[in-house]
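Engineer: Okay, predicted coordinates and the sequence, questions at the end:
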Amino acid sequence: MYRFSFFPYRRQFIQPLQTHHGCWKNRQGILLKLTDDKGNLGWGEIAPLPWFGSETFLEALTLCRQSPKTLSKTEIFTISEKFPASQFGFESAWLNLTEKTPLTPELPNSQLLPTGEAVFSILESLKPEAGKTFKWKIGVTDIELELQWFDRLLSSLPPNATLRLDANGGLTWETANRWLAACEGKAIEFLEQPLPVTEFDEMLQLCDRYTTTIALDESVATLRQLETCIRRGWRGIFVVKAAIAGSPTQLRQLCETHRLDTVFSSVFETRIGREAALRLAARLQTVPRAVGFGIEGWFADEVVLKF
Ligand SMILES: [Mg+2]
């Protein structure tokens, strides 16, 4: 049996984050602590992202408040799938306690560039690091303009840089085709989520039509969605937001069974959730790719544990 305690937190973004779902000002989550009968500790984190299909912060908080003060392994591993962020939090606390894995090796991080024309304001300050990976959001304004910026961006990036594009499901069949045609012959690592989640078959067709790899992100937010896309024949890249995907042990099984090409990515969790996710990334990313955890500079404060 494990003694269970939890600590809700709230962190403020320095600049509110503009998303398709509105303006995000505060990141709220819950840190979890499990203690075994020998006094060993295991830490986990619930970092919900309801607009990606996870439970809300309040739902997770209610779950924690209603949980007994001591938990069995079975209780930890049978949290409902309706609480994928909580499944991740509780199981990774248990894994942290029971698996004494060495510290995660440093994985290279991709750097998110400012969206739109703002990208050019920071390009000159970029250090020419060989092999550095950058990510740029597209599908946010007029396509003619964006395609011009795209050309200019490609010619201004440091040498040997890798570029990934992320449309967040914001393209149409027509604009996705135009983007992929523009990417032909260029060193684009992948185009992420060109079309909305509902247009899975169209994204499969795009894979056949063009040489640039396509990655699914919004389409594979949870383990169930990931399974569905594997079953329906997805052979491109899978972006995995481990903290909201659900059970990390089931995620391991799924990735290892199907030898998925994955890119692990952050949901603005604290160091506790990030380390759990990066341990999975170190074990499960089959192709050497930068992870998406470059979030330094987004928060004014680090979460400080007071107890
Ligand atoms: Mg994405």
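Structural biologist: Good, I have the coordinates.

Engineer: Please make it C-alpha for all contacts and neighbour counts, starting now.
Structural biologist: Fine.

Engineer: Mind checking what helix or strand follows the strand or helix carrying residue 63 in sequence?
Structural biologist: Secondary structure assigned from DSSP states H and E places residue 63 in helix 57-66. Moving toward the C-terminus from helix 57-66, the next helix or strand (DSSP H and E) is strand 70-71.

Engineer: Could you identify the helix or strand that succeeds that following strand?
Structural biologist: Following strand 70-71 in sequence, per DSSP H and E, is helix 73-76.

Engineer: Now do that following helix: which elements does it pack against?
Structural biologist: helix 84-98 (3 or more C-alpha pairs under 8 Å, 6 or more residues apart in numbering; DSSP states H and E).

Engineer: ok and the helix it packs on relative to helix 57-66, angle-wise?
Structural biologist: 50 degrees (axes from the mean of the first three to the mean of the last three C-alpha atoms, to 10 degrees).

Engineer: CA atoms only: put helix 84-98 into PDB for me.
Structural biologist: Only the C-alpha atoms of helix 84-98 are listed here, as PDB (Å, rounded to 0.1, in the frame of the first residue of the first chain):
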ATOM      1  CA  PRO A  84      -6.100  10.300 -18.900                       C
ATOM      2  CA  ALA A  85      -4.000  13.100 -17.300                       C
ATOM      3  CA  SER A  86      -4.700  11.500 -13.800                       C
ATOM      4  CA  GLN A  87      -3.800   8.000 -15.200                       C
ATOM      5  CA  PHE A  88      -0.400   9.500 -16.300                       C
ATOM      6  CA  GLY A  89       0.100  11.300 -12.900                       C
ATOM      7  CA  PHE A  90      -0.700   8.400 -10.600                       C
ATOM      8  CA  GLU A  91       1.100   5.700 -12.700                       C
ATOM      9  CA  SER A  92       4.200   7.900 -13.200                       C
ATOM     10  CA  ALA A  93       4.400   8.500  -9.400                       C
ATOM     11  CA  TRP A  94       4.300   4.800  -8.900                       C
ATOM     12  CA  LEU A  95       7.000   4.200 -11.600                       C
ATOM     13  CA  ASN A  96       9.100   6.900 -10.000                       C
ATOM     14  CA  LEU A  97       8.900   5.100  -6.700                       C
ATOM     15  CA  THR A  98       9.400   1.600  -8.000                       C
END
